[in-house]
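# I would like to see how this sequence folds:
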Amino acid sequence: MKTFARVVFILLQALTAAALFMLSVHGPSGLAVAAPLYLGVAAVLTWWAGRKSWPLLIAAGAGMLAAAPGIYPVLEWAERIADERRVAATLVTEVRDEPILSADRPVGVRLSYQVVAPARGYFAILPAIDGAEGFGLRPQRWTFDGRSGIEFGPFEPGKRHAVTVELYPETYSFEPGGAVCARRLSRPLLQPRRPAPLPVEIHESPYGSAARGGREERTSGSYDMATLYLNVVAVLPACRVTP
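Purely as a prediction, here's the structure:
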C-alpha cells in the first residue's frame, strides 16, 4: 500500500514539475532548470520517506507538492534582481544623432552608440525619443556590429558593440518588400514648434533614465516632433488599407 502511495505522490510531483517547466516559456527562465531538479529531489525524498513510515511519507509527499508554488516567486525575484544589476552595469557611450532625410526633409533620427554589456545574451538595448503628449520616435531599423536584420545581438560580456538605430514616427511604416508608406494618424497632431533637443533614453541601460540609475539625456541636434510627423505624410505615399 505504501508503494502505491509513493507512486501516486511521485506522479503528482512529476505533473507539478511539468507545469513549472511549461511556465518557463513566459515566466522565469530558471524554471526550465528548477523543474527537473525539483522532481529529482521530491521523488528521492518521497521514496525514502515511504520506506520509513506513513506519517513521514505523507509529510514528505504533500510537503513537496505544497512547496512547488513557492519556486515561481523566488525565481522571479532572483531574476528581477539579476536583471536590475545587469541593466545598471550596462555601459552606453559615444551617443550621436543625426536627422534622417527624405526628399530633403527630416523624417526621423539616426542614433549611433557603443554598448558594453556585463553578460552574454540578447537584450533590447534600444533607444526611444519622446515628445509632448505621447508623440515620439521608435526604432524600426538597426545595425548591430555592422550587421543589419531582425536580430539584435548577441551581446558578449565586456565587448564593445557598435549599434546604429533608425527611429521614425509611428506614421512611418514599412510594407512587405521594403517599400515605405505613411499610415493615418488616429489622433490630433501638435502644431509645429521651434526645433529643440529631444529627450532620449536607451532601454535596458541607465542612459537617459533616472529610474535606472542614469540622468536625463537629450539629442545633440534639434528636432521638432510635429514637423517630423508632418514630413512623413508629405513625402511618403499613403499606406494601402487592407480589408
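# Need the CA coordinates for the longest helix seen in the chain. PDB is fine.
Secondary structure assigned by DSSP state H gives helix 2-23 as the longest helix of the chain. Below are the C-alpha coordinates for helix 2-23, written out as PDB (Å, rounded to 0.1, in the frame of the first residue of the first chain):
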ATOM      1  CA  LYS A   2       2.800   2.400   0.800                       C
ATOM      2  CA  THR A   3       4.400   1.600  -2.500                       C
ATOM      3  CA  PHE A   4       1.200   2.600  -4.300                       C
ATOM      4  CA  ALA A   5       1.100   5.900  -2.200                       C
ATOM      5  CA  ARG A   6       4.700   6.700  -3.100                       C
ATOM      6  CA  VAL A   7       4.000   6.200  -6.800                       C
ATOM      7  CA  VAL A   8       0.900   8.400  -6.600                       C
ATOM      8  CA  PHE A   9       2.900  11.200  -4.900                       C
ATOM      9  CA  ILE A  10       5.700  11.000  -7.400                       C
ATOM     10  CA  LEU A  11       3.300  11.100 -10.300                       C
ATOM     11  CA  LEU A  12       1.700  14.200  -8.900                       C
ATOM     12  CA  GLN A  13       5.200  15.700  -8.400                       C
ATOM     13  CA  ALA A  14       6.000  14.900 -12.000                       C
ATOM     14  CA  LEU A  15       2.900  16.700 -13.200                       C
ATOM     15  CA  THR A  16       3.900  19.700 -11.000                       C
ATOM     16  CA  ALA A  17       7.400  19.700 -12.400                       C
ATOM     17  CA  ALA A  18       6.000  19.600 -16.000                       C
ATOM     18  CA  ALA A  19       3.800  22.600 -15.200                       C
ATOM     19  CA  LEU A  20       6.800  24.500 -13.800                       C
ATOM     20  CA  PHE A  21       8.800  23.700 -16.900                       C
ATOM     21  CA  MET A  22       6.000  24.900 -19.200                       C
ATOM     22  CA  LEU A  23       5.700  28.200 -17.200                       C
END
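# Can you point out the buried residues in the next helix or strand after that helix?
Using DSSP states H and E, the helix or strand that follows helix 2-23 towards the C-terminus is helix 31-50. Neighbour counts using 16 or more other Cβ atoms under 10 Å place 31, 34-35, 38-39, 42-43, 45-47, 49-50 of helix 31-50 among the buried residues. (Each C-beta comes from the backbone N, C-alpha and C, glycine too.)
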